[in-house]
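Chemist: Let's see this in three dimensions:
(one chain, ligands or ions: 1)
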Amino acid sequence: MTIRRSLALCLACWAAPLFAAETVWLDSLDLSTMRQGWGRPQVNRSMREKPLTIAGTVFAHGVGTHATSTYRVLLARGSERFTATVGVDDAAGAGGSVVFQVLVDGKRVFNSGVMKHGQPGKPVSVDLRGATTLILLVNDGGDGVRNDHGNWADAQFAVTGARPKPFVAPKEDPYVLTPEPGPAPRLNFPAVYGARPGNPFLYRIPAQGTRPMTFSALNLPSSLRLDPDTGIITGTTPPAGKYHIQLAARNPRGGASRTFTLVSGDTLSLTPQMGWNHWYAHYHRITDAMMREAADILIRSGMADVGYDYVNIDDCWMNAEADAKRKPDPARVGPFRDAQGRLLPNAHFPDMKGLADYIHAKGLKAGLYTSPGPKTCAGYAGAWQHEEQDARLFAEWGYDFLKYDWCSYSTVVSKERTLDEMQRPYRLMGDLLRRQPRDIVFNLCQYGMGDVWKWGAEIGGHSWRTAGDLGYELDRIFEVALKNCEHRAWQKPGAWNDPDYLQIGYIGNARGGGLPEPCDLSPTEQYSFMSLWALMASPLFYSGDLTRLDEFTLNVLCNPEVIGVNQDPLGQCARVERLDDDTFLLVKDLADGSKAVGLCNAGYEAAPVVASWGKLGLSGAQPVRDVWRHTNLGRFQGEFRAEVKRRGVVLVRVGETRAP
Ligand code: GLA
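Modeler: Model prediction:
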């Protein structure tokens, strides 16, 4: 007995050091693979480089990060448990709100719910036995990522084997879904197009196929002319009314013909705007030469042949003040206005009218940007107290689109910012633009304040950003889409919710306006980006580096059937049918009676997704078409199911179409 007991004791003392779990602090791992929306991960301190503190409790160990943050860890055998206390750091500043999630082998095993600044930390304790991967996510709490400083405090692994190892997302080779356009003409214009009576008219017929091609039109109003070689229609918009024009294109390989309904009236942008905006590619580096090159590339690359036609300058084309902190390029520093108050472009934009003329000569449209405040977001001259003069100047130069960015307008309104104060500058500019003798599309950029989707159209807007800059939230395209879909009821032709630009291919890193580099999204996520924006009928502005377009990026941007879903004349934003935590359907009614359906998987593992006819409001046998591949998949009874890749969308059209 005594011997047995002492043997047992002895065994225990031998086994203890071997099997007792060791603590591996999260902060001791290589954090260089942690992706986050702003700044870099902080070891044992907060994003503000202060001690990690949640609701007054200070933690010696942990990692300070910023939404949206993703960290992937490979677990070795012997990984037992992950524990932490999570919360928003006290130094973040009011308004920070985040959601912490932990995924083990792709399954969400911890979800903190929305945690706000000042709220006590929540404990996390996750069983890792038998698991191979762990993903730590910090997402925004639904109000944008401003001040979203999330702490993984006291975060540690209990392991008896090897240390956990960070890993980057599995690499996926690019794959091309869009069929090569054929040599015969294919017409890609939307069914309807709005313009104001009596104003200058300019439209380049988007058509794929081998050039040269000859264009013709039947029932073209007499105030319009079509150039048969370029397919560019110019002239003056005819009196109010609907004009059903039969447009055709022919080349030696074939011909195509379709009806283009010109709606002459008060509403512009009857389908979502399409084009290119310089911001996420070139930030404060943009020049006149780069804008002209962008117009050339839209034509040369074939993007204009599927409908991308606005060439839009964003911030930084005016002058800035000398500023020791921001250090603007000296060629962009100078007086904001001349003695008559006329706005002065900076030295990189010597001829704003010449630039618009250059873009127009290609049949494309020109856009620019300013702020209702004294300064733009990047610190350049704004329109404050010169609104009328600026609106006239933009029209005189020949611009067709204005993005009006709130920015420093905060400094000229009360702190409370009443609804009237939020609307006032947009109402003013909306009225001024409508009075100009040309069609100018008006894009409100004020990040969704005051539920802009409810009143944007009323005050003259054609589209409005529904949230902050997507530049900081690329990991969240699914979440951003779900949020944007909440405002679907207010969307209609001429009034578009804008969840920000398409950022695929080469984009400049939004953290600090970096030089363009390949974006972080996997090929599947890049397709998802386009599918989601098509299903929401969101404006399609590509904002990547056009000089580095490759075959993959072009195939994502230039699929005429995907764009057809976006440009459908009903203008509906898809409704959401939730299936589980990660999967959902997006269902968009189309003008021809069929439905575009996205089978969406926002999760980090492939998942089966079922679109049952009940959820789509259909029954019986229904035809299904693969929108990306342009192939009919057959007739399906009761449902359509697909295995959807991680972070993927399978985009199909379901249902019979009725003749137009
Ligand atoms: C804001 C806008 C962006 C961009 C920049 C320019 O952040 O939301 O889209 O226009 O300003 O400074």
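
Chemist: Can you give me the buried ones in stretch 326-336?
Modeler: 328, 332-334, 336 (16 or more other CB atoms under 10 Å). (Each C-beta comes from the backbone N, C-alpha and C, glycine too.)

Chemist: Start and end of that stretch, how far apart?
Modeler: Taking CA to CA, to the nearest Å, stretch 326-336 runs 17 Å from one end to the other.

Chemist: any residue of it up close to the ligand?
Modeler: No: judged by CB under 6 Å from any ligand atom, stretch 326-336 and the ligand are separated, with a smallest distance of 11.3 Å.

Chemist: got a list of contacts for that stretch?
Modeler: The contact list for stretch 326-336 (CB atoms under 8 Å, 6 or more residues apart in numbering) reads 284, 316, 318-322, 343-344, 346-348, 378-381.

Chemist: which parts of the stretch 351-500 of the chain sit against the ligand?
Modeler: 376-378, 405, 445, 469.

Chemist: How about the stretch 151-300 of the chain?
Modeler: W279.

Chemist: what ranges do the strands span in the stretch 151-300 of the chain?
Modeler: Applying DSSP state E, counting those that start in this stretch to the stretch 151-300 of the chain gives strands spanning 165-166, 186-187, 192-195, 200-204, 207-208, 214-218, 224-226, 232-236, 241-251, 254-264, 274-277.

Chemist: Which neighbours in the sheet does the third one have, and how are they oriented?
Modeler: What it means is strand 192-195. Strands that pair with strand 192-195, judged by DSSP bridges, come out as strand 254-264 (parallel).

Chemist: Check the offset of the strand it pairs with from the chain's centre.
Modeler: 30 Å (CA atoms, centre = their mean, to the nearest Å).

Chemist: If you rank the contacts of stretch 326-336 by neighbours, which is first?
Modeler: C316 (28 neighbours; other CB atoms under 10 Å).

Chemist: so what's the nearest residue to it once chain neighbours are set aside up against?
Modeler: Of all residues not flanking C316 in the chain, H284 sits nearest, at 4.6 Å (CB to CB, 6 or more residues apart in numbering). Going by CB under 8 Å, 6+ apart, H284 touches 315-316, 328-329, 332, 378, 513.

Chemist: Turn these into JSON lines, columns for secondary structure.
Modeler: Converted to JSON lines, the contacts of H284 look like this (DSSP: H, G, I helix; E, B strand; the rest coil):
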{"residue": "D315", "secondary structure": "coil"}
{"residue": "C316", "secondary structure": "coil"}
{"residue": "P328", "secondary structure": "coil"}
{"residue": "D329", "secondary structure": "coil"}
{"residue": "R332", "secondary structure": "helix"}
{"residue": "A378", "secondary structure": "coil"}
{"residue": "G513", "secondary structure": "coil"}
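
Chemist: Tell me the one among those residues nearest to P51.
Modeler: Using CB to CB, G513 comes nearest to P51 of the contacts of H284, at 30.6 Å.

Chemist: since we're on the spatially closest residue to the closest one that is not a sequence neighbour, how many residues are nearby?
Modeler: Nearest residue to G513 in three dimensions, chain neighbours excluded: Y283, at 3.6 Å (CB to CB, 6+ apart). Residues lying near Y283 (other CB under 10 Å) number 21.

Chemist: okay, how far is it across stretch 234-250, tip to tip?
Modeler: By CA to CA, one end of stretch 234-250 lies 20 Å from the other end.

Chemist: My error: substitute stretch 81-95 in the last question.
Modeler: 32 Å.

Chemist: cool, stretch 271-290 as well?
Modeler: 27 Å.

Chemist: how far out from the middle of the chain is that stretch?
Modeler: So, by CA atoms, centre = their mean, the centroid of stretch 271-290 is 14 Å from its chain's centroid.

Chemist: what's the answer for stretch 478-489, then?
Modeler: Using CA atoms, centre = their mean, the mean C-alpha position of stretch 478-489 is found 12 Å from that of the whole chain.

Chemist: Pull out the buried residues from that stretch.
Modeler: For stretch 478-489, burial by neighbour count (16+ other CB under 10 Å) applies to 478-485, 487-488.

Chemist: Let me know the closest of those to D305.
Modeler: Nearest to D305 among the buried residues of stretch 478-489, with distances taken as CB to CB, is A481, at 26.8 Å.

Chemist: Can you name every helix or strand that the helix or strand where that closest one lies contacts?
Modeler: Assessed by DSSP states H and E, A481 sits inside helix 477-485. In terms of contacts (3 or more CB pairs under 8 Å, 6 or more residues apart in numbering; DSSP states H and E), helix 477-485 is packed against helix 523-535, strand 575-578, strand 583-589.

Chemist: Please name whichever of those is nearest to the ligand.
Modeler: Shortest distance between the ligand and the helices and strands packed on helix 477-485, using CB to the nearest ligand atom, is found for helix 523-535: 15.6 Å.

Chemist: following the closest one, which helix or strand shows up next?
Modeler: Using DSSP H and E, the helix or strand that directly follows helix 523-535 along the chain is strand 540-542.

Chemist: who touches that next one?
Modeler: Against strand 540-542 from outside (CB under 8 Å, 6+ apart): 272-277, 303, 307-308, 310, 312, 501-502, 504-505, 533-534, 557, 563, 566.

Chemist: any idea how far the helix holding A481 is from the chain center?
Modeler: 9 Å.

Chemist: ok, and what's touching that helix?
Modeler: Helix 477-485 has contacts (CB under 8 Å, 6+ apart) with 139-140, 142, 466-467, 470, 473, 497, 499-500, 521, 525, 528-529, 532-533, 535-536, 538, 573-576, 584, 586, 600, 602, 647.

Chemist: Give me the buried subset of the residues you listed.
Modeler: Among the contacts of helix 477-485, those classed as buried by 16+ other CB under 10 Å are 139-140, 466-467, 470, 473, 497, 499-500, 521, 525, 528-529, 532-533, 535-536, 538, 573-574, 576, 584, 586, 600, 602, 647.

Chemist: how's the chain carved up into domains?
Modeler: Annotated domains of the chain cover 21-166, 186-264, 274-566, 575-654 [automatic domain parsing].

Chemist: average model confidence for the last one?
Modeler: Looking at domain 575-654 alone, the average pLDDT works out to 97.

Chemist: And for the second one?
Modeler: Across domain 186-264, pLDDT averages out at 98.

Chemist: Ok, the longest one next?
Modeler: Computed over domain 274-566, the mean pLDDT rounds to 96.

Chemist: Report the contact partners of S408.
Modeler: 371, 373-377, 382, 384.

Chemist: my bad, should have said V104
Modeler: 126-128, 131, 133-134.

Chemist: Would you mind checking those residues for buried ones?
Modeler: Using 16+ other CB under 10 Å, the buried ones in the contacts of V104 are 126, 128, 131, 133-134.

Chemist: Now tell me which of those residues the prediction trusts least.
Modeler: T133 (87).

Chemist: wait, isn't it in contact with L75?
Modeler: Yes: taking contacts as CB atoms under 8 Å, T133 lies within contact range of L75: 6.5 Å.

Chemist: burial of G56, as a residue count?
Modeler: So G56, with other CB under 10 Å, has 8 neighbours.

Chemist: Next, count neighbours for the residue in the stretch 501-650 of the chain that the ligand sits nearest to.
Modeler: Residue nearest to the ligand within the stretch 501-650 of the chain: Y501 (7.5 Å; CB to the nearest ligand atom). Y501 has 28 neighbours, counted by other CB under 10 Å.

Chemist: still on that earlier bit, so which of the buried residues of stretch 478-489 is the closest to V24?
Modeler: E479 (30.4 Å).
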